[in-house]
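Q: take this sequence and fold it.
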Amino acid sequence: MIYNGIHINEGKLLADNIIFTLILLLTIAIAAFAFLTYRNSENKKMKDRIKRLKAMAKIDTNVNRQLKKLERKQKKQKNHSLLEKALIFSLLFALILINLFVAVIPGWTDYVKKDYVVYGGDLDLEYTVHRYIKSSTITLEDGTVLSGIFGLDEGKHFETIVYSKRTKIVLGIDK
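A: Okay, here's the model as predicted:
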């Protein structure tokens, strides 16, 4: 594809968008599964036993003590379970929101609107290797840091490049 006379490749932007969208869908599925699991997680055996003891407590005082002990145990478990549920759902909700507003929405907005920036000027290219994966970062004169370009030597260059406005992924370079 040609954008302002520069050949661009939207492959990395599209791949990132698909990956982050799949992560979002997986996180939503985990949240739904956790909700369905926790919704029906009360101890049915304990509930049935309490019911039976309540019926027997009217005639036997020893049963009444057992009933009160079992009710205290159930209340303690319920409080612990509530805290656990709140923590898990808060974490899942935060992950969903972060992924949605930091990666998915900006990425797809750039891709759908073709909201790209053409920059011409000095840039500093640096390659790094992390666990056998080579990556590159470009720092523009204004301090903007971009990712996703290969084919240039490391160091300072004067080039015209096209990058996505929100996700800062380099799509093309004028050679």
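
Q: quick one: distance of stretch 76-96 to the chain centre.
A: Mean C-alpha position of stretch 76-96 versus that of the full chain (CA atoms, centre = their mean, to the nearest Å) differs by 18 Å.

Q: ditto for stretch 74-87
A: From the chain centre to the centre of stretch 74-87 is a distance of 26 Å (CA atoms, centre = their mean).

Q: quick one: name whatever helix or strand follows the helix or strand of the chain with the lowest mean pLDDT.
A: Within the chain, judged by mean pLDDT, DSSP states H and E, the helix or strand with the poorest mean is helix 44-57; its value is a mean of 70. Beyond helix 44-57 in the direction of the C-terminus, DSSP states H and E gives the next helix or strand as helix 61-99.

Q: ok, residues contacting the next helix or strand along the chain from that following helix?
A: Note on helix 61-99: by DSSP H and E, the next helix or strand toward the C-terminus is helix 105-113. The contact list for helix 105-113 (CB atoms under 8 Å, 6 or more residues apart in numbering) reads 10, 13-14, 16-17, 20-21, 115-116, 164-167. To be clear about C-beta, it is placed using only N, CA and C from the backbone, and glycine gets the same treatment.

Q: for residue 131, give its distance to residue 145.
A: The gap separating residue 131 from residue 145 is 21 Å, by CB to CB, to the nearest Å.

Q: re earlier: for the contacts of helix 105-113, which one is nearest residue 158?
A: Compare each of the contacts of helix 105-113 with residue 158 using CB to CB and the shortest gap goes to residue 116, at 19.8 Å.

Q: contact partners for the nearest residue to the closest one once chain neighbours are set aside?
A: Distances taken as CB to CB, 6 or more residues apart in numbering put residue 162 closest to residue 116, at 5.2 Å, once the chain neighbours are dropped. By CB under 8 Å, 6+ apart, residue 162 lies in contact with 3, 4, 6, 8, 116, 117, 118, 119, 170, 171, 172, 173.

Q: residue 172 and residue 164 touch, don't they?
A: No. With contact defined as CB atoms under 8 Å, residue 172 does not reach residue 164; the gap is 10.7 Å.

Q: mutual contacts of the two, please.
A: When CB under 8 Å, 6+ apart defines a contact, no residue borders residue 172 and residue 164 alike.

Q: ok, the two, which is more surrounded?
A: Comparing residue 172 with residue 164 by neighbour count (other CB atoms under 10 Å), the higher total belongs to residue 164, at 26 against 21.
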